[in-house]
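>>> Here is my input; please provide its structure:
(chains A, B, C and D)
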Protein chains: 2
Amino acid sequence: MSRQNNLFKQTVNQLLHYIAQNMSVDDVLHGDSKITRQLEVSRSTVRKAIDHLIGLGVISKHGAQRIITRVPDDECYFDLQELGPPKEEQVERHFLAAIVSGDIKPGDRFSELELARQSNCNTVAVREFLIRFSRFGLIEKEPRSQWQMKTFDQQFVDQLFEVRHLFEMHSLSCFMTLEDEDPNWLTLETLLDDHKSLKSKINEDFQQFSALDQRFHGLLKAARPNQFIHQFYDIISFVFHYHYQWDKSDEKERNIIALDEHIDIISKMLLKDYRGATLSLEHHLNTAKRSLLKTAFYKTTS
Amino acid sequence: MSRQNNLFKQTVNQLLHYIAQNMSVDDVLHGDSKITRQLEVSRSTVRKAIDHLIGLGVISKHGAQRIITRVPDDECYFDLQELGPPKEEQVERHFLAAIVSGDIKPGDRFSELELARQSNCNTVAVREFLIRFSRFGLIEKEPRSQWQMKTFDQQFVDQLFEVRHLFEMHSLSCFMTLEDEDPNWLTLETLLDDHKSLKSKINEDFQQFSALDQRFHGLLKAARPNQFIHQFYDIISFVFHYHYQWDKSDEKERNIIALDEHIDIISKMLLKDYRGATLSLEHHLNTAKRSLLKTAFYKTTS
DNA sequence: ATTATGTTTTTTATTATTAAAAATCAACAA
DNA sequence: TTGTTGATTTTTAATAATAAAAAACATAAT
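I've put the predicted structure just below:
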């Protein structure tokens, strides 16, 4: 399979687009270092793209100047569709699909080679993805042996929520000690309004809750950003995303309950009721854990 | 460079060793599946090793049975010294050395290729190591650009200790609620004794403190094992190891102080003085942070 | 002096290839 | 059955090779 010089083609297209939008025949093209800065690719790539357009007759050289000779037509553009997504993403997509669909179940072993074949990539790309992914603690590998999907068991969930509990409580406590004039309080008020407005139309738009959920927990963390806590949340969101992809059955009920819990917490926060907010948050986390366990075990035992 | 069939050679040596120790001429060798289990390598490897020994005349085949024909001499053994350590380890060693020696300073960019050349590995091995290492949050990389050593600044230390504080306090609280008859209490008492005995000879053996430190913080965590917390401690220990490698100047003083702090904490724990232990632990963590900052900034600004 | 251009070198991303090791399979014996 | 050996197939680990892209360099122009 030939190498897909993706970036080059993208650059050509972007350049064509720019010309079509902003320039007309006989205009002088900017210097390549300027274009480089605009497109955020290296000058070599820009240069190769320009050469390509010269080859197509869109641009011609007069000494050092490059002049537009004709308006580019659709023929000039590369078809990026057929390139497909970048390899890394392809592996990821395929692997996650395999997990979600149950092709790879907790406890299963799987080979890099097979994944590579299935996702139409080479083994190195697969391996690199798996190494990256392994930081989630969901897969692991012994030196001369295959990868193994770790069992997603009660213990895993317990440990996950133990840490989550610590972090969320900590975040809450940091938030509550913010100055009154801190802009985060305003953001929180807006968030409460958005929650209430979603509540009024929850029966149709329950899927929008997910965005609110992210905003809420993101805002909590924003009171004191911490890269390690942040990293951990990547795991959390993956685990949730992964499990709920299976079981959409009671998504609506889940969301309605969580929405109310959010409103409860936020209201108490705005009233500066630290103790009340803590209790409500605790309750919210417990609900989330129960719900995850239910879904997870429904899945693994079926 | 030819591939180093490390495992095969190791296996041959192990097998020879076993024969030399336990068997004599005309004995019948065990079946290969049995040997496989003992040496924890695959049967193919065992098989190849046996074939090799047959080639050397140490073993000969009579039908399916394999019989020792002579006692193996030193000639038969492979020289494992010249093989060197496995690639992965080689990269790691070289990279860490580069950091510690200041070849790669915070903020620096560095290339995979150069690392590969210096550590005498190929780029893929280097890249895989770097991906693995990146979970420590100390290096990162943009897609088509080089790796970059992140700046090790006050903020990083703050965030590190923020999380560490959360975790240690949590661990302490878990520990304090252990049943009286839990074996961890006994271990803790032993640990206190070991601390005291080190204290009496601290002037000579101050370097032994590091082991005690690991044991102490390990024991705290042992009260409630959690893979996410555990993972985080890998980062902690790396950071400490990394920085103190630079600055051995006041290692002794540091260790003496920390030793006393440990004794303080453990004593209070054994007295079931939760509040006192908490305060002491807090104090201990603050000392550790101050000391790290001092070392770190002494280094980066020099 | 600064900036832009043309040229060259280095690095990254990707594929291909292969020895080593593991896993599987088939025939056979206890 | 169960377990063993011998032969075969897959997979992993590692190397090498190369197109694409970035970075560095040198030269000319403002």
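
>>> how about the strands in chain A?
A:59-62, A:65-68, A:109-110, A:139-141, A:147-149 (DSSP state E).

>>> CSV for those, including mean pLDDT, mean neighbour count and distance to residue A:225?
All C-beta spots, glycine's among them, are computed from the backbone N, C-alpha and C. As requested, those are exported to CSV (pLDDT from 0 to 100; neighbours: other Cβ atoms under 10 Å in any protein chain shown; distance: least, Cβ to Cβ, whole Å):
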stretch, mean pLDDT, mean neighbour count, distance to residue A:225
strand A:59-62, 89, 14, 46
strand A:65-68, 90, 15, 45
strand A:109-110, 94, 15, 36
strand A:139-141, 93, 15, 29
strand A:147-149, 94, 18, 32
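
>>> List the contacts of the residue in the stretch 1-150 of chain A that DNA strand C sits nearest to.
Nearest residue of the stretch 1-150 of chain A to DNA strand C (Cβ to the nearest atom of the strand) works out as residue A:31 at 2.5 Å. In this structure, residue A:31 makes contact with no residue, judged by Cβ atoms under 8 Å, 6 or more residues apart in numbering or on different chains.

>>> Could you measure from it over to residue A:47?
11 Å (Cβ to Cβ, to the nearest Å).

>>> any common contacting residues for these two?
If you check residue A:31 and residue A:47 against Cβ under 8 Å, 6+ apart, no residue is contacted by both.

>>> Please convert the strands of chain A to JSON lines, extending it with distance to DNA strand C.
Shown next, in JSON lines, are these (distance: least, Cβ to the nearest atom of the strand, whole Å):
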{"stretch": "strand A:59-62", "distance to DNA strand C": "6"}
{"stretch": "strand A:65-68", "distance to DNA strand C": "7"}
{"stretch": "strand A:109-110", "distance to DNA strand C": "7"}
{"stretch": "strand A:139-141", "distance to DNA strand C": "11"}
{"stretch": "strand A:147-149", "distance to DNA strand C": "10"}
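
>>> Of all those strands, which one comes closest to residue A:102?
strand A:147-149 (11.0 Å; Cβ to Cβ).

>>> Please determine whether that closest one lies in contact with chain B.
No - Strand A:147-149 lies out of reach of chain B by Cβ under 8 Å from any Cβ of the partner chain, never closer than 13.8 Å.

>>> and that strand, which strands flank it?
strand A:109-110 (antiparallel), strand A:139-141 (antiparallel) (DSSP bridges).

>>> now the residue nearest to residue A:237 when sequence neighbours are not counted: how far from DNA strand D?
Closest residue to residue A:237 apart from its sequence neighbours, by Cβ to Cβ, 6 or more residues apart in numbering or on different chains: residue A:214 at 7.9 Å. To DNA strand D, residue A:214 is 31 Å away according to Cβ to the nearest atom of the strand, to the nearest Å.

>>> do the same with residue A:7
Going from residue A:7 to DNA strand D by Cβ to the nearest atom of the strand gives 3 Å.

>>> same thing with residue A:154?
Distance from residue A:154 to DNA strand D, by Cβ to the nearest atom of the strand: 28 Å.

>>> Would you agree that residue is in contact with residue A:292?
No - with contact defined as Cβ atoms under 8 Å, residue A:154 does not count as touching residue A:292 (10.8 Å).

>>> Backbone dihedrals for residue A:111, please?
phi -110, psi 150 (degrees, to the nearest 10).

>>> My guess is it contacts residue A:147. True?
Yes - using Cβ under 8 Å, residue A:111 makes contact with residue A:147 at a distance of 7.5 Å.

>>> buried residues in the longest helix anywhere in chain A?
Across chain A, the longest stretch assigned as helix under DSSP state H is helix A:274-301. By neighbour count on 16 or more other Cβ atoms under 10 Å in any protein chain shown, the buried set for helix A:274-301 is A:277-278, A:280-281, A:284-285, A:288-289, A:291-292, A:295-296, A:299-300.

>>> Now it: average pLDDT?
Mean pLDDT, helix A:274-301: 87.

>>> What pLDDT is listed against residue A:72?
On the pLDDT scale, residue A:72 gets 88.

>>> go on, residue A:97?
The per-residue pLDDT of residue A:97 was computed as 87.

>>> Same check on residue A:161?
97.

>>> quick one: it from residue A:222, how far?
Distance from residue A:161 to residue A:222, by Cβ to Cβ: 22 Å.

>>> again, but for residue A:236
16 Å.

>>> so what's the residue lying closest to residue A:120 once chain neighbours are set aside up against?
Distances taken as Cβ to Cβ, 6+ apart place residue A:90 nearest to residue A:120, at 6.7 Å, with adjacent residues excluded. Going by Cβ under 8 Å, 6+ apart, residue A:90 touches A:84, A:119-121.

>>> number of nearby residues for the residue nearest to residue A:237?
12 (other Cβ atoms under 10 Å in any protein chain shown).

>>> show me the contacts for residue A:159.
B:226-229.

>>> Let's see the pLDDT reported for the closest residue to it other than its chain neighbours.
Counting by Cβ to Cβ, 6+ apart, residue B:226 is the residue found nearest to residue A:159 once chain neighbours are left out, at 4.5 Å. pLDDT, the model's per-residue confidence, is 96 for residue B:226.

>>> right, and residue B:226 touches residue A:162 too?
Yes - counting by Cβ under 8 Å, residue B:226 does reach residue A:162; the two are 5.7 Å apart.

>>> Got phi/psi on the residue with the largest distance to the centre of chain A?
No residue in chain A sits farther from the centre than residue A:63, which is 46.7 Å out by Cα atoms, centre = their mean. Phi and psi for residue A:63, reported as degrees, to the nearest 10, are phi 60, psi -120.

>>> need the contact list for the residue lying closest to residue A:167 once chain neighbours are set aside.
In this structure, residue A:167 finds its nearest non-sequential neighbour in residue A:229, 5.2 Å apart by Cβ to Cβ, 6+ apart. Neighbouring residues of residue A:229 by Cβ under 8 Å, 6+ apart: A:167, A:170-171, A:221, B:159, B:163.

>>> give me that answer again for 10 Å
A:163-164, A:166-168, A:170-171, A:221, B:159, B:162-163, B:166 (Cβ atoms under 10 Å, 6 or more residues apart in numbering or on different chains).

>>> Report the entries of these that also contact DNA strand D.
For DNA strand D, no contacts are drawn from the contacts of residue A:229 by Cβ under 7 Å from any atom of the strand.

>>> now, which of these sits nearest DNA strand C?
residue B:159 (27.0 Å).
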